[in-house]
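>>> only geometry, no sequence info:
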C-alpha cells in the first residue's frame, strides 16, 4: 500500500499544475460548501436564538383559551394574578427568568403620521429585558412606576423621525372593547438589530399597560427562560395544567423549524451540484492520466500487477488529491467562514412572519458540520476516481502495451 | 525440461469486419536454458507469438503451457500470478516506470510477489550489479541512456528469478554498442544462471547470439534451426 502511495505521489508530481488545479477544484468545492453550511446554520440558529431571546422565550405560559395569532385582551383570555404564578415558577431550578408580559395592539401617532405597533407591557427590572437594555441607543430604560414613558425601536424612530423626549399619541383597544388613548414621552430608543421587531414594538411598564388597556392585574403570558433550550420539553411537562397552555420555543417557532428543514433539503441539492462538479474535475483528471499512462499500466500488468493493484494505484492518487483538496478546503473555507463569522453578511430588513432575522447573517460552523463535509468530500472524490481506476484495471495488457512490435 | 509449449496456436484479430490472422497454427516447444531468436519480417507474427507465450494475450485456438501448466483456462488474475513468478519481460521501448528510480523499477516485481525487504534489497543489488548499473541505482529513467534503461529492464525481468525471459526487439532502439552490451549481458546471464531467453528480432547481429533460430512468415513457423550462438 505504501508503494501505491509512493507511486501515486510521484505520478501526481509529473503534471504538477494539473494535479494542483484538480486539488484546488476539490478545495474550492469544499470551501463553498463549508461557507454555505455555516451561513445556513448561522442564519437558522441566529434567527431561532433571536426569536427565543426577543419574542418566544424558551417557554410561554398562556391561558387555556389562548389562540395563536390572536391578541385578545378579554379577561378570560388573560392570566389573572400572574405574580403568583411567577413565584411558583421560580421554585423550579431550570427556570432562570419568569416574567409576565401583556401584549396589545396599538396605533402610534405623531403629527399626521401614524403606525400600527405591538404594545408590550413588561416588568422593566426583569432580566428577560436585558437584550433591550443592551441595545439602548439613546435615552434611558423605562422604570416600573413610569406612567407616561415608553421605549421605541430605532427603525420606528427613523421612519417617524422621532427622538428621545418627543411626545407621541398611543391609541389602544381595551379589554371591554372601548378605545383609550394617551400622550406618551419617548424615554429611550433601542435596537435589537432586528429591523422588523424594532419597527413594530413599543415597550411600557406592565402596570401602565394594564391600566391603559383596562386589564388590571392580568397578563397575556409568562415569558420564561431556561438554563438551556433542551430543558423545554421536560419543564413544560412538569408544568402541565388544565388552566394553562405551556408552549415551548419549538411549539412557537414551528415555522423556523420547518423553514430550516426546507432550507436543508434545498441545500442538499446545491451540495450535490457543487460536489458533482468537483467529482467531474477529478474524474477528468484521472481519465486523462489513464490515457497518458496506458503503456505504463501495460508494463505493470506484464510484470504481474493484478487489476486490483492497478485500481489501487489510481485510488491512491485520488486519495492524495482528496487529502490535499480537503486540507485546502478547510483552509480556504475556514478563512471565509472566519470572516463571515466576525463581519457577517448584511441582509437588511428581511421579514418573515414569526421569524426574527437580524440585519446580518453571521456564519456559524460546527465541528460536526466540518467533519461531515470533509468526510463527504473525501468519499465523493474517491467515488469519482472509481471510473478511471476501473478503466485502468480493465485494460488488457496486450492493448495497453500497444506498439510493442509487429 | 520444457519451459513453454505452444500447441496449434492461432490468433485472429478482428477489426470491424476485417479479420487478420496473425498466427495460423503454431507449434513450438522451448526447453530450459535455450537462447532462442524468433525472426521474420514485420507482420510475420513474432510479437504476437511472444505475447501468447508471455500470457499477455490469449490464443484464438490452441494452447500455451508454462512450466507444464496449461495457461489456457486461467483467468486474468491467475495469468498475472503466473507471469509474476515465471516470466520476465524486456520490451522494445525502454519499458520502465518513469517515476521510479532504477533500483525501484527492479524492485517492483519483487514487491508484487511479496519478497521480504532484506531479500528484496539483496536481490535488487545483485541484479543491478549483474547488468553493470550499481552506480546508477538511484537514477530515474530520464537520467539514464537508452542502453542503460534497457539493462535496467533486463535486471527487472530477472529480479524474481523466472525461468523464462521474453524480449521483444530488445536492441531495436539502441545503437550498435549499446545493443551489443545488452545482448552480451543477456547471453551471459543465460550461460551463468541457465535462464531461458526467447527474443524476437530481425537484426542479424542479434540473431548471431542465438543458439536456436525460429523463423516465422505470415503467421506460420517456416524454419526452426539450431545455431552456434556466439558467447
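Yes, it's here. Treat the numbers as computed from the prediction; the structure is a model and nothing was measured.
>>> Against residue B:76, how distant is the closest residue to residue B:69 other than its chain neighbours?
Of all residues not flanking residue B:69 in the chain, residue B:82 sits nearest, at 7.1 Å (CB to CB, 6 or more residues apart in numbering or on different chains). Using the backbone N, CA and C atoms, a C-beta is placed for each residue, glycine as well. Distance, residue B:82 to residue B:76, by CB to CB, to the nearest Å: 11 Å.
>>> and the nearest residue to residue B:141 once chain neighbours are set aside, helix, strand or coil?
Leaving aside its chain neighbours, residue B:141 sits nearest to residue B:96 (4.4 Å; criterion: CB to CB, 6+ apart). Secondary structure for residue B:96, judged by DSSP: H, G, I helix; E, B strand; the rest coil, is coil.
>>> so how far is residue A:302 from residue B:95?
Per CB to CB, residue B:95 is found 8 Å from residue A:302.
>>> same check, this time on residue B:145
Using CB to CB, residue B:145 is found at 23 Å from residue A:302.
>>> between those two, which one's more packed in?
Neighbours per residue (other CB atoms under 10 Å in any protein chain shown) separate residue B:145 from residue A:302, with residue A:302 holding more: 28 against 13.
>>> Skipping adjacent residues, who's closest to the more buried one in space?
Nearest residue to residue A:302, sequence neighbours excluded (CB to CB, 6+ apart): residue B:89, at 5.0 Å.
>>> Please work out the average pLDDT along the helix or strand hosting that neighbour.
Assigned by DSSP states H and E, residue B:89 belongs to strand B:87-90. What strand B:87-90 shows for mean pLDDT is 91.
>>> now swap in stretch B:52-70 and tell me
On average, stretch B:52-70 scores 93.
>>> now do stretch A:22-30
Across stretch A:22-30, the average pLDDT comes to 91.
>>> repeat for stretch A:377-394
92.
>>> That stretch: which residues count as buried?
Using 16 or more other CB atoms under 10 Å in any protein chain shown as the test for burial, stretch A:377-394 gives A:377-378, A:380-382, A:384-385, A:388-389, A:391-393.
>>> can you narrow the residues you listed to ones near chain B?
With CB under 8 Å from any CB of the partner chain as the criterion, those include none near chain B.
>>> Turn those into TSV, including secondary structure.
TSV is the format used below for the buried residues of stretch A:377-394 (three-state DSSP):
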residue	secondary structure
A:377	helix
A:378	helix
A:380	helix
A:381	helix
A:382	helix
A:384	helix
A:385	helix
A:388	helix
A:389	helix
A:391	helix
A:392	helix
A:393	helix
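>>> Show me which of these is closest to residue A:140.
Distance to residue A:140 across those (CB to CB) is lowest for residue A:377, with 52.9 Å.
>>> Next, work out how far apart the closest one and residue A:320 are.
Using CB to CB, we find residue A:377 at a distance of 14 Å from residue A:320.
>>> Next: residue B:138.
Residue B:138 sits 23 Å away from residue A:320, going by CB to CB.
>>> Let me know the helix or strand that whatever residue of chain B ends up closest to chain A is in.
Relative to chain A, the nearest point of chain B is residue B:84 (2.5 Å; CB to the nearest CB). Under the criterion of DSSP H and E, residue B:84 resides in helix B:76-86.
>>> would you list every one of the strands in chain B?
Assigned by DSSP state E, the strands in chain B fall at B:2-15, B:18-31, B:35-39, B:61-66, B:69-70, B:87-90, B:164-168, B:196-201, B:212-217, B:220-226.
>>> which one of those lies closest to residue A:8?
Across these, the minimum distance to residue A:8, taken as CB to CB, is reached by strand B:87-90, at 23.5 Å.
>>> residues making contact with that closest one?
The contact list for strand B:87-90 (CB atoms under 8 Å, 6 or more residues apart in numbering or on different chains) reads A:302-303, B:53-55, B:66, B:95, B:109, B:150, B:153-154, B:156-160, B:162, B:164-168, B:170, B:186, B:195, B:199.
>>> near chain B, which residues of the stretch 251-400 of chain A?
So far as CB under 8 Å from any CB goes, the stretch 251-400 of chain A lies against chain B at A:295-296, A:299-307, A:309, A:396-398.
>>> Average pLDDT for the lengthiest helix in chain B, rounded please.
If you go by DSSP state H, chain B has its longest helix at helix B:176-193. Averaged across helix B:176-193, pLDDT comes to 88.
>>> Could you pull out the buried residues of it?
Neighbour-count burial for helix B:176-193 flags B:178-183, B:185-187, B:189-190 (criterion: 16+ other CB under 10 Å).
>>> how close does the spatially most central residue of chain B sit to residue B:51?
Computing the C-alpha centroid of chain B and ranking residues by CA atoms, centre = their mean puts residue B:166 first, at 1.4 Å. Distance, residue B:166 to residue B:51, by CB to CB: 9 Å.
>>> Residues contacting whichever helix or strand residue A:10 is part of, please?
Using DSSP H and E, residue A:10 falls within helix A:2-14. With CB under 8 Å, 6+ apart as the test, helix A:2-14 has contacts from A:19, A:289, A:293, A:309, A:312-317, A:319-321, B:97-100, B:111.
>>> how far does whatever helix or strand comes next after that helix sit from the chain's center?
Note on helix A:2-14: by DSSP H and E, the next helix or strand toward the C-terminus is helix A:16-51. Offset of helix A:16-51 from its chain centre (CA atoms, centre = their mean, to the nearest Å): 15 Å.
>>> Which elements pack onto the longest strand seen in chain A?
In chain A, with assignment by DSSP E, the single longest strand is strand A:95-110. The contact analysis (3 or more CB pairs under 8 Å, 6 or more residues apart in numbering or on different chains; DSSP states H and E) places strand A:95-110 against helix A:82-89, strand A:113-122, strand A:167-173, helix A:206-212, strand A:218-219, strand A:221-226.
>>> That one pairs with which strands, and in what direction?
Sheet partners assigned to strand A:95-110 using DSSP bridges are listed as strand A:113-122 (antiparallel), strand A:167-173 (antiparallel), strand A:221-226 (antiparallel).
>>> so which of these comes closest to residue A:138?
The nearest among those, by CB to CB, is strand A:167-173 at 15.4 Å.
>>> Just the buried positions in the closest one, please.
By 16+ other CB under 10 Å, the buried positions in strand A:167-173 come out as A:168, A:170, A:172-173.
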